[in-house]
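**Q** What follows is a predicted structure for the sequence shown.
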Amino acid sequence: MLQNPSSFTDEELMASLTSPSRTWAFEELINRYGKKLLNFFVRSGVRYDAEDLVQQTFLRLYRYRGRYEPTAKFSTFIFLLARQTWIDELRRMKKRQRTFVPMDDGFAESVPSDGKAPCEEHDARHDILKALECLSDPLRQVVVLGAIEDLSYSQIAEILSIPEGTVKSRMFNALAKMRRYLEKDGE
Amino acid sequence: MRVKEHLLELPEHEAAAFGRIIEGLQSAPCPETSSQMVKKILAAAAESENRYGSRFSPGPKPGTTPSWWIFGAAAAVLVIGFFVSSILDFACKEQGARDVADSWLAQTQEADGAWTPSRFGGLDAYRYSISALCAMALARDPHQPEAVDRTLAFLKVFLDRREDQYRSRADAYNAALSAYAFALLAADGDQAAMATLKSEVLRLRSSQTPSGGWDYEQGASGNAAITSWNAKVLALAEKRGIGEAALPLRKALRWLRDAVGDGNAVCYRQGGAIGSECLAALTAHALLTAGSKYGNLTDLGRYLVMRLDPNAAETADAYRSYAKIIAFDAAGEGGCAAVARKRMASCSGDDVWGKVGGRLYGASLRKLVLAGNHR
């Protein structure tokens, strides 16, 4: 009987990737997690290189496939790699800021205002994402992993290398902060 | 424990408020991956395998039988043979097309240095912009310097006399493309040409909208296509030592950066509903070239380029094909540029802008990008 790659679990696909290697398994994993990882990076504040980071994460997955323990959930493993990629990107961006001219450095004051009032159209979904952007990185990543990706607190704890209790308190603080932002904005 | 179970531990009003936030987050639109992403990742993994080891092999998919590999290998030999011969065939046709375009463009130039679109199915309202494209195309040919100089003299007269504000789409394209061709091709030591370029910069500065764009519609804040061209004019002028270009250039780049909307679409106007690949490509090229000293803008330009599909099955649109090819070239995506060139060369059917630009527009754009790498 022919089997569709989509009928394999993530863990079975990873097993196929390790011995012997199979392109179809890797491609199926990319199809399943590509958009999730893109969402993770975009919501973590990466604006323009998010797809590059998705690529880097999958390349890490491929190179480190031998280190994957089948007892661990695959989603934990791949988001762990994603977070490592994101941290490396932050370090690289800090280095880059010293090389390039910042576009907005001292420039805003010299741009004359057109005298128009800012747009007052409220899009509730836009406000939610703005509220998410206002969070610090540690809080935002807990929300992205727990509220958007619906990972368990134990998975989040492993990915972020923090105790499960800290995940719980960060989630609470993050949602409370978003609530204050949204209520202040008139939602 | 998951977040929904966590909410059960909270007071009811708080759980309800948090629940609404979570629903909002889960229903917010997600960014889409580009059509090329999977292929790029697989290619990068295969390259990594070639460099570090040979364990990554295709292998049969589950449910297939190994004997298919024998047929596969035979088919691969045939496909490779066909591919090589079609590349050679394409290269010959490409060279042939270039030769024809070169001589045809030179032969159809008028005595005043311009071209007349209406002779070849286009509109004379766009005479200056079409002539600018033809001059840029001819400039790729080392044997036509006098022909290019005649066009520059023609464009100089136009630029010296043109009004500050655009009154129509034709006005806007005439001014933007003429200025771009002039900024690109005018000789460095030509004082009169530099004076024209400086006047053009001052005119662009005075007609720029407060948000940094240019438009031909009254009250509009900017048009992505015209703003992209003008940003490149200002960047070329700044490189040539015209310091007055710096401030309007930065404002224009900021306008282009802010024109990339939700879902990374670029529309004619900021906040518009319908994006287009042509506008995304023009914007990307402007960010990569005119914005080259700002790291975040070149990152944005590359990001926009990553989302272009070089192999999209499209209606004939030489302007869009040209924009995509120059964007791929500027981003260093040679492979995608080659695919897009092949697509453009084999495209048939009526061009969507054919009734505006006529044969001159199509011939000059094809000459500009099919002749090789365009930066």
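**A** Right, received. Where do you want to start? Numbers count the residues shown, from 1 in each chain, chains lettered A, B, ... in the order given.
**Q** Helix or strand: which one has residue 155?
**A** With no chain named, the answer covers chain A. For A:Gln155, the element it lies in under DSSP states H and E is helix A:153-160.
**Q** wait, chain B
**A** Here B:Leu155 is covered by helix B:145-161, with elements defined by DSSP H and E.
**Q** returning to what we had before: same for the helix holding A:Gln155, what does it pack against?
**A** Using 3 or more CB pairs under 8 Å, 6 or more residues apart in numbering or on different chains; DSSP states H and E as the contact criterion, the secondary-structure elements in contact with helix A:153-160 are helix A:74-97, helix A:137-143, helix A:164-184. (Glycine included, C-beta is placed from N, CA and C.)
**Q** okay, the angle between the helix or strand bottoming out on mean pLDDT in chain A and helix A:164-184?
**A** Per-element confidence for chain A was summarised using mean pLDDT, DSSP states H and E. The lowest value among helices and strands belongs to helix A:124-133, with a mean of 79. Between the axis of helix A:124-133 and that of helix A:164-184 there is an angle of 130 degrees, by axes from the mean of the first three to the mean of the last three CA atoms, to 10 degrees.
**Q** which outside residues touch helix A:124-133?
**A** For helix A:124-133, the external contacting residues (CB atoms under 8 Å, 6 or more residues apart in numbering or on different chains) are A:43, A:45, A:140, A:143-144, A:177-178, A:181-182, A:185, A:187, B:21, B:24-25, B:27-29, B:262.
**Q** quick one: buried residues of it?
**A** Within helix A:124-133, the residues that qualify as buried are A:127-129, A:131-132, counting by 16 or more other CB atoms under 10 Å in any protein chain shown.
**Q** For the residue of the stretch 101-250 of chain B found nearest chain A, which three-state class applies?
**A** Scanning the stretch 101-250 of chain B for proximity to chain A using CB to the nearest CB identifies B:Pro210 as nearest, at 3.3 Å. Per DSSP: H, G, I helix; E, B strand; the rest coil, the secondary structure class of B:Pro210 is coil.
**Q** What lies in contact with stretch B:312-325?
**A** Surrounding stretch B:312-325, the residues in contact under the criterion CB under 8 Å, 6+ apart are B:276-278, B:281-282, B:285, B:308, B:310, B:337, B:340-341, B:343-344, B:347-354, B:357, B:361-362, B:365-366, B:368-369, B:374.
**Q** Give me the subset of those lying in helices.
**A** Judged by DSSP state H, the contacts of stretch B:312-325 include B:277-278, B:281-282, B:285, B:337, B:340-341, B:343-344, B:354, B:357, B:361-362, B:365-366, B:368-369 as members of helices.
**Q** Using PyMOL, define a selection of the buried residues within the residues you listed.
**A** A single PyMOL command suffices to select whichever of these are buried according to 16+ other CB under 10 Å:
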select buried, chain B and resi 277+278+281+282+285+337+340+341+343+344+354+357+361+362+365+366+368+369
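**Q** what helix or strand is A:Leu38 on?
**A** Under the criterion DSSP H and E, the helix or strand holding A:Leu38 is helix A:23-43.
**Q** quick one on the thing from earlier: tell me the two of the buried residues of helix A:124-133 that are most distant?
**A** By the measure CB to CB, these have their two most distant members at A:Asp127 and A:Leu132, which lie 9.7 Å apart.
**Q** on that earlier part again, any chance of the buried residues of helix A:124-133 in a markdown table, with distance to B:Ser118 too?
**A** Putting the buried residues of helix A:124-133 into a markdown table (distance: CB to CB, whole Å) gives the following:
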| residue | distance to B:Ser118 |
| --- | --- |
| A:Asp127 | 53 |
| A:Ile128 | 54 |
| A:Leu129 | 51 |
| A:Ala131 | 57 |
| A:Leu132 | 56 |
